[in-house]
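> Please work out how this folds:
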Amino acid sequence: GGEEDGVGNTEIDNSLLYTQPSEVYEVYKALGSVPKGMFTIAAAFGNVHGVYSPGNVKLTPEILHNSQAYIKEHAKTESDKPVFFVFHGG
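Numbering: from 1, shown residues only. Presented below is the predicted three-dimensional model:
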């Protein structure tokens with residue numbers, strides 16, 4: 001929890017602040033439908049904007065791994081890493 005753009009989120013379950021693999025898959029499907037399209041996805045895995053007290057930000061890169069595995073399974077891709085991620089926050 002912390003504050004971003006003047007909005008506090010200390011009362012919110014942290015898991016709701018993170019991108020879920022199924023959400024990444026929906027973006028993958030939508031952007032993947034563009035012919036010859038290349039894209040990156042900025043998934044929230046604990047990377048944040050705003051001012052947070054030390055120790056209040058917990059990075060969970062397993063969300064990125066789980067998203068790759070989810071997409072590989074559901075899209076039946078050959079690659080173990082079908083998605084390009086960009087890290088966003090700061």
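> CA only for contacts and neighbour counts going forward, please
Noted.
> so who does residue 60 touch?
45-46 (CA atoms under 8 Å, 6 or more residues apart in numbering).
> Quick check: pLDDT value at it.
For residue 60, the model assigns a pLDDT of 88.
> separation between it and residue 19?
Computed with CA to CA, to the nearest Å, the distance linking residue 60 and residue 19 is 10 Å.
> Give the residues shared as contacts by those two.
Joint contacts of residue 60 and residue 19 (CA under 8 Å, 6+ apart) are residue 45.
> got any ranges where the chain has weak pLDDT?
1-10, 14-15, 49-52, 89-90 (pLDDT under 70).
> Please enumerate the helices of it.
21-32, 62-75 (DSSP state H).
> Buried deepest among those, which one?
For the helices of the chain, the largest average neighbour count (mean count of other CA atoms under 10 Å) is found in helix 62-75, namely a mean of 17.
> quick one, that one and helix 21-32 angle?
Per axes from the mean of the first three to the mean of the last three CA atoms, to 10 degrees, the angle that helix 62-75 makes with helix 21-32 is 60 degrees.
> Return the list of helices and strands in contact with helix 62-75.
Here helix 62-75 touches helix 21-32, going by 3 or more CA pairs under 8 Å, 6 or more residues apart in numbering; DSSP states H and E.
> what residues does the helix it packs on touch?
Here helix 21-32 has contacts from 37-39, 41, 43, 63-64, 66-68, 70-71, 83, using CA under 8 Å, 6+ apart.
> same check, this time on stretch 61-70
For stretch 61-70, using CA under 8 Å, 6+ apart, the contacting residues are 19-22, 24-25, 43, 45, 80-83.
> mind checking how far the residue nearest the centre of the chain is from residue 75?
Note on the chain: the residue nearest the mean C-alpha position is residue 43, at 1.8 Å, using CA atoms, centre = their mean. From residue 43 over to residue 75 the distance is 18 Å, taken as CA to CA.
> what does residue 56 give?
35 Å.
> cool, and residue 55?
For residue 55, the distance to residue 75 - CA to CA - is 37 Å.
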